[in-house]
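Asker: Next comes the sequence, and after it the predicted model I'd like to discuss.
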Amino acid sequence: QVQLVESGGGLVQAGGSLRLSCAASGRTFSNYAMGWFRQAPGKERKFVAAINQSGGMTYYADSVKGRFTISRDNAKNTVYLQMNSLKPEDTAVYYCAARGPIVVVTMDYDYWGQGTQVTVSS
């Protein structure tokens, strides 16, 4: 089992930045590909970004490409999502997820965190 705990969400004005963190515990973190997803009110959960085990390969949804950066620190068992130039449409609950060992950009992840709320005001 892998336990995931997100943090760093909050309220920010449009154009601002936030950095989300996801701390993992339970198994060897570096064995897992990691992903970030988001779910806006009344909408389905969607892929945002993913990173492979070493951190050398990253993938992004078109809607966040150039604004968001996913990274990981395997020594700290943590994956990050740096979000810049935030827009009101980025408002959602953000979830991190883990799967091993192949990174995918679908919902096919084995472990999920509880989510952290990000609200972007206009």
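Answerer: Nice, thanks for sending it over. None of the values given here were measured: they were computed from a predicted structure.

Asker: Please make it C-alpha for all contacts and neighbour counts, starting now.
Answerer: OK.

Asker: any idea of the pLDDT on the residue nearest to the spatial centre of the chain?
Answerer: Nearest to the mean C-alpha position of the chain, by CA atoms, centre = their mean, lies Trp36 at 2.5 Å. Note on Trp36: pLDDT of 98.

Asker: how far away is it from Val118?
Answerer: Distance, Trp36 to Val118, by CA to CA, to the nearest Å: 13 Å.

Asker: Then Phe37?
Answerer: For Phe37, the distance to Val118 - CA to CA - is 12 Å.

Asker: Against which helices or strands is the strand or helix carrying Phe47 packed?
Answerer: Using DSSP states H and E, Phe47 maps to strand 46-51. Packing partners of strand 46-51 (3 or more CA pairs under 8 Å, 6 or more residues apart in numbering; DSSP states H and E): strand 33-39, strand 58-60, strand 68-73.

Asker: Contact partners for the residue lying closest to Arg27 once chain neighbours are set aside?
Answerer: Distances taken as CA to CA, 6 or more residues apart in numbering place Val2 nearest to Arg27, at 5.8 Å, with adjacent residues excluded. Val2 is in contact with Ala24, Ser25, Gly26, Arg27, Ala98, Tyr111, counting by CA atoms under 8 Å, 6 or more residues apart in numbering.

Asker: about what we covered before: quick one: common contacting residues for Trp36 and Val118?
Answerer: Here Trp36 and Val118 share the contacting residues Tyr94, scored by CA under 8 Å, 6+ apart.

Asker: Could you pull up the residues touching Arg72?
Answerer: Listed by CA under 8 Å, 6+ apart, the contact set of Arg72 reads Ile51, Gly55, Thr78, Val79, Tyr80.

Asker: Redo those residues as CSV? Include distance to Asp62 and neighbour count.
Answerer: Listed next are the contacts of Arg72 as CSV, based on distance: CA to CA, whole Å; neighbours: other CA atoms under 10 Å:
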residue, distance to Asp62, neighbour count
Ile51, 15, 26
Gly55, 20, 17
Thr78, 24, 20
Val79, 20, 27
Tyr80, 18, 22
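
Asker: Mind checking which of the residues you listed land in strands?
Answerer: Secondary structure from DSSP state E places Ile51, Thr78, Val79, Tyr80 of the contacts of Arg72 in strands.
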